[in-house]
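[1] Predicted structure and sequence below. I'll ask about it afterward.
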Amino acid sequence: MTRRPFRFDPLRDGFRSTGPDRYWCDWGVVVGNRIRRLRHGGDMALIDLCNAVDKPDGGRYTPGFFSRLERGWASGPLATYVNVAHAFDVEPGRLLGPDDVQREVSEAELTLLNVLRQMRIPPHEAIARLAMERP
């Protein structure tokens with residue numbers, strides 16, 4: 001007699017969700033997108049991120065965990081996010097804090113940014129130049 005492997009099919013077996021998925025996290029999507037942008041900006045693969053971030057109790061995370069984390073389907077302890085921020089050399093508050101696009105920007109700030117863009121001067125360089133000119 002042969003055994004068939006158990007296969008769970010939620011639609012065939014009549015499984016219906018009774019509420020929100022306990023693994024889905026809206027906040028996790030926001031932070032996960034930031035992690036993905038940082039990873040792509042640094043030309044890192046998931047495995048590279050796994051090698052750069054240690055678990056709080058030792059060991060390494062799997063690429064699957066970070067893939068789910070980036071999509072908002074997993075979350076880790078706070079130490080995980082602090083270690084991820086350290087791996088990208090950013091402040092943890094920058095990784096976990098509010099989005100910059102949600103902050104209100106004044107007309108004067110927009111004008112200054114537009115001028116700096118036209119002059120092809122990054123904002124941090126403009127601030128450094130101004131700081132050097134002070135007596």
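    Here it is on my side, so go on.
[2] From what I see, residue 85 and residue 78 are in contact.
    No: the pair residue 85 / residue 78 is not scored as a contact, 10.6 Å apart, by Cβ atoms under 8 Å. For the C-beta atoms, the positions are set from N, CA and C on the backbone; glycine is no exception.
[3] and these two? which has more neighbours close in?
    More neighbours surround residue 85 than the other of residue 85 and residue 78, with 20 against 11 (other Cβ atoms under 10 Å).
[4] Check which helix or strand that one maps to.
    helix 78-87 (DSSP states H and E).
[5] Keeping just the C-alphas, turn that helix into CSV.
    Once non-C-alpha atoms are left out, helix 78-87 reads as follows in CSV (Å, rounded to 0.1, in the frame of the first residue of the first chain):
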residue,chain,number,x,y,z
LEU,A,78,13.7,44.6,17.9
ALA,A,79,17.3,43.4,18.0
THR,A,80,16.9,42.1,14.4
TYR,A,81,15.9,45.5,13.1
VAL,A,82,18.8,47.1,15.0
ASN,A,83,21.2,44.6,13.5
VAL,A,84,19.8,45.2,10.0
ALA,A,85,20.2,49.0,10.5
HIS,A,86,23.8,48.4,11.6
ALA,A,87,24.5,46.2,8.6
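[6] Which positions within the helix or strand just after it qualify as buried?
    Going down the chain from helix 78-87, the next helix or strand is helix 92-96, by DSSP H and E. The neighbour-count check on helix 92-96 (16 or more other Cβ atoms under 10 Å) flags 95, 96 as buried.
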